[in-house]
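Asks: Fold the following and give me the result.
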Amino acid sequence: MATAKIVGLDETVRALRQFDPDALKEMNKTIYAAMKIAQIDARKLAPEASPLSGWARPVKAGKWDRLTFRPRPVKTGIRTKIDRARKRGNWTSKAYLLINADAAGAIYEVAGRKKPLDENSNSARFINAIEGQSKVTVRGKQGRIAYKAVEDNRPEIVAKSNAAIAKAEAAVNRKLAS
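Replies: Now for the predicted structure:
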């Protein structure tokens with residue numbers, strides 16, 4: 001998952017929640033708009049057609065139908081999400097995420113994180129076909145679409161988010177001073 005570290009966010013969110021919930025809504029709206037830039041880029045990166053001819057062939061019915069690759073749901077499945085605080089050990093953080101909510105899109109996003117041992121297996125051919133079509137090799141925990149979109153737009157996202165946090169902090173300080 002692509003991350004953009006925003007310093008002071010957690011403290012600001014706590015203070016806003018306590019002293020000025022309206023300023024918190026405004027800050028979230030501004031950060032959400034900054035993340036929308038990456039969402040629009042990610043939707044442009046999503047393929048117009050199935051990377052593999054058999055993947056687009058619809059399954060007749062049942063639970064596997066959701067895995068059929070359809071370009072429109074893959075593009076619309078790329079969403080910006082503001083997640084509640086996440087706890088990791090002894091610290092917490094608020095998360096602003098760019099996710100692919102479509103099942104086929106999520107597969108396209110992460111296929112290749114783990115390379116198969118046998119280069120001639122079906123899974124290896126699947127991964128190689130997707131990498132050939134997308135021209136993006138997935139390494140570690142990164143993804144193919146969302147990661148690239150966030151990385152390409154990181155400076156703008158961080159700048160707009162920091163400006164929103166500074167504005168919210170000023171609102172809290174004004175409220176505390178009065």
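Asks: Longest helix of the protein, counting residues only.
Replies: In the chain, taking DSSP state H as the definition, the longest helix is helix 146-177.
Asks: What residues of it count as buried?
Replies: Of the residues in helix 146-177, 146-150, 152-153, 157, 160-162, 164-165, 168-169, 171-172 count as buried by neighbour count, 16 or more other Cβ atoms under 10 Å. The C-beta positions use only the backbone N, C-alpha and C, and glycine is treated the same way.
Asks: Tell me the helices and strands packed up against that helix.
Replies: helix 9-19, helix 21-45, strand 91-100 (3 or more Cβ pairs under 8 Å, 6 or more residues apart in numbering; DSSP states H and E).
Asks: repeat that with 6 Å
Replies: Where contact means 3 or more Cβ pairs under 6 Å, 6 or more residues apart in numbering; DSSP states H and E, helix 146-177 is packed against helix 9-19, helix 21-45.
Asks: Taking helix 146-177 as reference, get the angle to the longest one.
Replies: Spelled out, that is helix 21-45. 170 degrees (axes from the mean of the first three to the mean of the last three Cα atoms, to 10 degrees).
Asks: Remind me what helix 21-45 packs against, helices and strands.
Replies: Counting contacts by 3+ Cβ pairs under 6 Å, 6+ apart, helix 21-45 is packed against helix 9-19, strand 78-88, strand 91-100, helix 146-177.
Asks: Could you check the angle the first one makes with helix 146-177?
Replies: Think helix 9-19. Using the same axes, to 10 degrees: helix 9-19 against helix 146-177 is 40 degrees.
Asks: in helix 9-19, what counts as buried?
Replies: In helix 9-19, counting by 16+ other Cβ under 10 Å, buried: Leu9, Thr12, Val13, Ala15, Leu16.
Asks: what separates that helix from the chain centre, distance-wise?
Replies: Between the centre of helix 9-19 and the centre of its host chain there is 23 Å, according to Cα atoms, centre = their mean, to the nearest Å.
Asks: for the longest one, same thing?
Replies: Using Cα atoms, centre = their mean, the mean C-alpha position of helix 146-177 is found 17 Å from that of the whole chain.
Asks: end to end, how far does stretch 130-141 reach?
Replies: 17 Å (Cα to Cα, to the nearest Å).
Asks: Phi, psi for the closest residue to Arg57 other than its chain neighbours please.
Replies: Spatially, and ignoring its direct neighbours in sequence, Arg57 is nearest to Thr68 (7.3 Å; Cβ to Cβ, 6 or more residues apart in numbering). Here is the backbone geometry of Thr68 (degrees, to the nearest 10): phi -70, psi 130.
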